[in-house]
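Asks: Turn this into a structure:
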Amino acid sequence: MKVTDVTCHLLQSKVDRPFTSARGWLYTTRSSCVVEITTDAGITGWGECYGPAAVNKALIETQYRQRVIGRDPFDVEVVWEDLYNRIKDYGASGFAITALSGIDIALWDVIGRAVGKPIHKLIGGAHRTEVQAYATGLYFIDMNRLVEEAVEEALEYKEQGFRAIKMKIGLGDLKLDYERVRAVREAIGPEVKLAVDANHCFTVPQAIQLGRMLEPLDLMWFEEPISPEDHEGYAEVTRALDMAVAGGENDFTRWGFRDIIARKAMDIVQPDVCAAGGISECRKIATLASAHGVECVPHAWGSAIGLAATLQWLAAMPDMPPAFRPIPPMLEFEQTPNPLRDDLAREPIRQERGIVRIPDGPGLGIEVDREVLARWKVA
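Replies: Next up is the predicted model:
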């Protein structure tokens, strides 16, 4: 079997209620670069790239496509190394890796479809058939009702059955951030887990100060408190706080995570399978984390394809640490309106009372709805 083509689909949909986070970017659209790999055996695989879709599309079409055509999809890691070595002089992180991630996921999808097995059966087997999901939301929408809207949204997730929620912070006022988190914690009660995500907006002193204010609220983790480049600063924040510090969604490949993990600069690393190098590379990152006693809880943001890829990886990821009553890694189930996530698969990935089933069909375990693909395709 040989790859006959690599096609990029640039998808985009408008957001009915624009939202923002600590970065200050107003999200008015949701977009994705979806990768389709076709083969001479009539088998098609799908992948997704994290980040600005048009940039990923350009990278794949100009740097990677011709090096993948004619290759055996079963040589997926051989292809990975070839593409990485082709661009590492000028692209060892960032877009070059997000684009590579989409290709890697699509190749694994082809392999799974070729042998009639879900990807998790090909990368070690299923430690679990379902995962607990945490709802990511509570962005900033109505700036006049920041506390009230956060409480209302959190209660909606609790009513839906979510047993864990992640909310955005980083309003430029530590006291307001604290009051907003405190209000949500009081509303949802102690039985629902709660995490906060600052989207790397704080300085080290600010992160430590706010972290100490938040510690009595019993949080799962403090995500991306400071800039992702500042690994020394992450170590400072992690050592200063009793609650877990998480990060890594903006880091790439095993080399990008190596020093973070080895020095335990974070308690929890959060590689994104659509960004950090695909399934091939994220397996290595998780193994590296396990060897150093660092938790790995993947970041997820995107379409149904990226969500399915994350679930396949989660199924094959062992508990960290193993225990009589283990705490399995959770699925980030982002909840802002997104038809690319909700409608692109013929059988959408849903949560029921906070639990998501691992797709057990071949490859990613989902079938892309080509009518929906055409509806949202802009290039």
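Asks: all contacts plus neighbour counts: C-alpha atoms, from now on.
Replies: Fine.
Asks: Quick check: closest non-adjacent residue to Arg350.
Replies: Nearest residue to Arg350, sequence neighbours excluded (CA to CA, 6 or more residues apart in numbering): Val356, at 6.3 Å.
Asks: Quick check, that neighbour in contact with Ile349.
Replies: Yes: counting by CA atoms under 8 Å, Val356 does reach Ile349; the two are 7.5 Å apart.
Asks: And the contacts of stretch 132-152?
Replies: Residues from elsewhere that reach stretch 132-152, judged by CA atoms under 8 Å, 6 or more residues apart in numbering: 17-21, 153-154, 157, 162-168, 179-180, 183-184, 187, 330-336, 351, 354-356.
Asks: how about 7 Å then?
Replies: 18-21, 153, 162-168, 180, 183-184, 187, 330-336, 354-356 (CA atoms under 7 Å, 6 or more residues apart in numbering).
Asks: what distance separates stretch 145-155 from the middle of the whole chain?
Replies: Using CA atoms, centre = their mean, to the nearest Å, the mean C-alpha position of stretch 145-155 is found 24 Å from that of the whole chain.
Asks: tell me the average confidence for it?
Replies: Stretch 145-155 shows a mean pLDDT of 98.
Asks: got it, and stretch 20-40?
Replies: pLDDT averaged over stretch 20-40 gives 94.
Asks: circling back to that earlier point, any idea how far the residue nearest to Arg350 is from Arg263?
Replies: According to CA to CA, to the nearest Å, Val356 and Arg263 sit 33 Å apart.
Asks: Of the two, which one has the most company?
Replies: Val356 (19 against 13; other CA atoms under 10 Å).
Asks: Show me what the strand or helix carrying that one is in contact with.
Replies: Element membership for Val356, per DSSP states H and E: strand 355-357. Identification of contacts with strand 355-357 by CA under 7 Å, 6+ apart yields 129-133, 350.
Asks: Tell me which of those fall in strands.
Replies: Using DSSP state E, 130-133 are the members of the contacts of strand 355-357 that sit in strands.
Asks: circling back to that earlier point, please indicate which of the contacts of stretch 132-152 are buried?
Replies: 18-21, 153, 162-168, 180, 184, 187, 330-334, 336, 354-356 (16 or more other CA atoms under 10 Å).
Asks: Quick one: the helices in this protein, in order.
Replies: Under the criterion DSSP state H, the chain carries helices at the ranges 53-59, 65-68, 76-87, 95-115, 119-122, 146-160, 174-188, 204-214, 231-240, 253-262, 278-291, 304-315, 339-342, 370-376.
Asks: quick one, which of those helices is nearest to Thr28?
Replies: helix 339-342 (13.4 Å; CA to CA).
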